[in-house]
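J.: Next comes the sequence, and after it the predicted model I'd like to discuss.
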Amino acid sequence: EDFDGISALQGDVKLSLMGTRTQDWPTIQELSALYPDRVVPSFGAHPWWAHELEGDAWLHQLRELLAANPEACVGEIGLDGQWVPPELDEVQYEVQMEVFKKQLELATEIGRPVSMHCVKAYGDVFDILRQAEELPPAVYMHSFGGKLGMLNSFVKMKRFGSRIFFGFSTFANMRSHKTPDVIRAVPDDKLLLESDLENPHGVADACSSMLRTIADAKGWDMETAARITRENAQQFYTARKP
């Protein structure tokens, strides 16, 4: 993977790098150490790779990484009711659920924001969050693909609705013509912009394109859209346990 583009970034720009499996975590930590003013690290086990994990050694490793990196978030975690691992013949949903709950509990315990992947599992994710005694200080529904009704349910969730953010990317969200309507309904202070790309090359163009969609949906100019989504990102990534 080519990460040379990080050092070439111009201006006051930061990259949020999400870990997806234990093999990613050393790279995320290394890049965060090399570029502390550019990289916001996150460590987590993505539902696509949950079936690779055995026992709780990975969870102890995750806890240690988060303790050593107080600026880090927990992510990318979540549920995916569609993904079938290439080497298997069915969705590993029960395993995903176990891994997801353990990470959500850890993030809640230590008070770190979480970035959440959710595909064909919005009902389960909603119920888990709604029924929890406590949640992390901020929850990011990454590349949110839920319908308008589901968005409203998250926003109005008792006790925790104000902690939930919603991100959108051209990569994942512009396949649906309903995306602008969903964006329009997101509370202004909970709307996030993302690229959902695997390396820094192309991030600027992807974010610019999505920013235009956000601005048009909200009736903002580009400067206003950039300012608001940036302020929201700062609010999310710095959220910590009171």
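T.: Everything's here; your move.

J.: Now the longest strand along the chain: buried residues?
T.: Across the chain, the longest stretch assigned as strand under DSSP state E is strand 73-80. For strand 73-80, the neighbour count (16 or more other C-beta atoms under 10 Å) marks 73-80 as buried. Bear in mind the C-beta positions are built from the backbone N, C-alpha and C, glycine included.

J.: what does stretch 28-48 give?
T.: 28-29, 31-32, 35, 38-48.

J.: Let's see which of those residues end up in helices.
T.: If you go by DSSP state H, those have 28-29, 31-32 in helices.

J.: wait, which of the residues you listed is closest to Gln92?
T.: Closest approach to Gln92 among those (C-beta to C-beta): Ile28, at 23.5 Å.

J.: so what's that closest one scoring on pLDDT?
T.: Here, the pLDDT recorded for Ile28 equals 95.

J.: Check the secondary structure at the residue lying farthest from the centre of the chain for me.
T.: Using C-alpha atoms, centre = their mean, the residue of the chain lying farthest from its centre is Asp89. It sits 27.0 Å away. Look at Asp89: counting by DSSP: H, G, I helix; E, B strand; the rest coil, its state is coil.

J.: separation between Asp12 and Arg230?
T.: Separation of Asp12 from Arg230 (C-beta to C-beta, to the nearest Å): 9 Å.

J.: neighbour-wise, which of these two wins?
T.: For Asp12 and Arg230, the more surrounded residue by other C-beta atoms under 10 Å is Arg230, and the numbers stand at 14 against 8.

J.: Check the offset of the lengthiest helix in the chain from the chain's centre.
T.: Using DSSP H, we find that the single longest helix of the chain is helix 93-110. Chain-centre distance of helix 93-110: 15 Å, with C-alpha atoms, centre = their mean, to the nearest Å.

J.: just for this protein, where's the confidence low?
T.: Applying pLDDT under 70 to the chain picks out residues 1-5, 7-11.

J.: Mind jotting down where the helices sit in it?
T.: 25-34, 57-68, 93-110, 122-131, 148-155, 170-173, 179-185, 203-218, 222-237.

J.: got a markdown table for those, with distance to Gly161 too?
T.: Below are those laid out as a markdown table (distance: least, C-beta to C-beta, whole Å):
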| stretch | distance to Gly161 |
| --- | --- |
| helix 25-34 | 30 |
| helix 57-68 | 25 |
| helix 93-110 | 16 |
| helix 122-131 | 9 |
| helix 148-155 | 5 |
| helix 170-173 | 21 |
| helix 179-185 | 13 |
| helix 203-218 | 20 |
| helix 222-237 | 15 |
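
J.: wait, which of those is closest to Asp196?
T.: Asp196 lies closest to helix 170-173 among the helices of the chain, at 4.3 Å (C-beta to C-beta).

J.: helices or strands next to that closest one in the packing?
T.: The elements that helix 170-173 packs onto, with contact taken as 3 or more C-beta pairs under 8 Å, 6 or more residues apart in numbering; DSSP states H and E, are helix 203-218.

J.: which residues does Leu192 bridge with?
T.: Beta-bridge pairing for Leu192 (DSSP bridges): Gly167.
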